[in-house]
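# Return a 3D structure for these sequence lines:
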Amino acid sequence: MKLSRALCGFIAGGGVFLLFETVIGHQGILSQHPVAGLSVVASLLCIIAAFNAFLQPRPMGWTLLQVVSVIVILIGVAGIYFHNASRLGLGPRQEVRAVEGDNEERGKGVPPLAPLSLSGMGILGLMATHPRWREE
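Presented below is the predicted three-dimensional model:
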């Protein structure tokens, strides 16, 4: 198996993990902040494009994965802004709890760097589509 196909399988598996994590983490705030649904959409796109490139390693599949990877990176960067806007004084002063529950530590607030996981998956997608990696 080529390294690029192995990376596509890893990206698809990571996308499934991110899908579950974002659905669970954003379920309480989607009604207040619909933009939080972008991370769910990005995870789904990542799964579809990576699985397609894994099963059919053709130029069209690689191009689709490249486009989706760039979109996922941009959504991750936008997520960094939305997760940190109130901390930096750029957004409204309201504390949004990431997960409501009995555990005090778990529901303290929005994780500031969590969207970087989406950007990381996008970077892995760009690495997998690089022509040098497809040859190995």
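# show me the residues around residue 66 that make contact.
The contact partners of residue 66, taken as Cβ atoms under 8 Å, 6 or more residues apart in numbering, are 125-126, 129. Where C-beta positions appear, they are placed from N, C-alpha and C, glycine not excepted.
# Kindly recompute the last result at 6 Å.
Residues near residue 66 by Cβ atoms under 6 Å, 6 or more residues apart in numbering: residue 129.
# Return the set of buried residues in whichever helix or strand it is part of.
In the assignment (DSSP states H and E), residue 66 maps to helix 59-84. By neighbour count on 16 or more other Cβ atoms under 10 Å, the buried set for helix 59-84 is 61-62, 64-66, 68-69, 71-73, 75-76, 78-80, 82-83.
# So, low pLDDT: which residues of this protein?
Applying pLDDT under 70 to the chain flags residues 91-108, 133-136.
# and with 50 instead?
Across the chain, the ranges flagged by pLDDT under 50 are 98-99, 102-104, 107.
# Skip the chain neighbours and tell me the closest residue to the spatially most central residue of the chain.
Compute the mean C-alpha point of the chain, and by Cα atoms, centre = their mean the closest residue is residue 118, 2.6 Å away. Among residues not flanking residue 118 along the chain, residue 76 sits closest, at 3.6 Å (Cβ to Cβ, 6 or more residues apart in numbering).
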